[in-house]
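Undergrad: What follows is a predicted structure for the sequence shown.
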Amino acid sequence: MTKIHEIRFQADTKRWNVYDEEEMLYPLRCGDAILIQVGKHFLPSNLELDTDWFVKFGDSKFWLHRHTKYCVRPLF
């Protein structure tokens, strides 16, 4: 099973980064695939950028709050 990481927004770069505890592993780019935790489940999604960052689940979009940390399992 893939390890659970967090994504956090970095204000100075205006990007979401993947973290393993306090160590920044890598930045995410528009279109990157991730499994994001919703409730107790990890759902496949893509990180996208419009006027702000959001995740896309099929035809549904959910904007990410810049001050929130999200649990993810990277797909790459």
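TA: That came through fine.

Undergrad: Parallel or antiparallel, list what pairs with the longest strand anywhere in the chain.
TA: Longest strand of the chain, by residue count under DSSP state E: strand 41-49. Counting by DSSP bridges, the strands paired with strand 41-49 are strand 33-38 (antiparallel), strand 53-57 (antiparallel).

Undergrad: and it, what's its mean pLDDT?
TA: The average of the pLDDT scores along strand 41-49 is 95.

Undergrad: buried set for that strand?
TA: Neighbour counts over strand 41-49 (16 or more other C-beta atoms under 10 Å) mark 42, 45, 46, 47 as buried. No exception for glycine: its C-beta is placed from N, CA and C like everyone else's.

Undergrad: How about the contacts made by the third one?
TA: It stands for residue 46. Applying C-beta atoms under 8 Å, 6 or more residues apart in numbering to residue 46 gives the contacts 31, 32, 33, 34, 55, 56.

Undergrad: give me that answer again for 7 Å
TA: Residues in contact with residue 46 (C-beta atoms under 7 Å, 6 or more residues apart in numbering) are 31, 32, 33, 55, 56.

Undergrad: Cool, thanks, signing off.
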